[in-house]
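Peer 1: Just the structure for this:
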Amino acid sequence: MATSVAPTPFPTAFDRPRPRRAATAAVRPATPVRIGLRLRSAIERVLPAITAPTAAAELRAGLAWTAASGETCRITRPVDEVRSAITALRSGDVDTARTALDHALAALLEAPTLPAPRPATSFERRSI
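Peer 2: Numbering: from 1, shown residues only. Coordinates of the predicted model:
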């Protein structure tokens with residue numbers, strides 16, 4: 001018994017031409033990334049109004065962003081200073097908290113700039 005395929009009025013995957021990839025330039029250089037950027041911005045927001053009731057929560061959010069991005073191990077000194085500032089704020093010692101945050105901010109300004117990781121090529125994605 002022979003079977004035949006009836007022509008379909010709709011194009012199939014085999015009928016369509018393959019899309020061509022546009023010629024791309026060489027891989028773009030990675031943009032540099034500042035380590036502890038979120039922590040630094042949290043410190044800069046807290047310093048002008050350090051007595052605000054949300055200051056400790058803002059610093060904890062900056063620490064959470066730093067931990068989520070995996071930067072805590074790279075900037076241990078500023079992280080420890082921010083943790084001590086949170087402890088000082090909870091105990092009501094504003095001067096100690098301000099000093100700790102000033103030290104943390106100075107250490108973050110000295111933190112190195114790292115290149116962003118490059119995206120994996122199609123070959124690397126297929127080999128996983």
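
Peer 1: what about the protein, any weak spots by pLDDT?
Peer 2: Applying pLDDT under 70 to the chain picks out residues 1-32, 115-128.

Peer 1: quick one, helices of the chain?
Peer 2: Taking DSSP state H to define them, one finds helices in the chain at 37-46, 55-68, 76-91, 94-109, 122-126.

Peer 1: Could you dump the ones you listed into TSV and include mean neighbour count?
Peer 2: C-betas here are computed from N, CA, C, even on glycine. Shown next, in TSV, are the helices of the chain (neighbours: other Cβ atoms under 10 Å):
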stretch	mean neighbour count
helix 37-46	20
helix 55-68	17
helix 76-91	19
helix 94-109	18
helix 122-126	8
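
Peer 1: so what's the closest residue in space to A100 that isn't next to it in sequence up against?
Peer 2: Leaving out its chain neighbours, the residue that sits closest to A100 by Cβ to Cβ, 6 or more residues apart in numbering is A85, at 3.9 Å. By Cβ atoms under 8 Å, 6 or more residues apart in numbering, A85 lies in contact with 59, 96-98, 100-101, 104.

Peer 1: go on, L105?
Peer 2: 40, 43-44, 47, 78.
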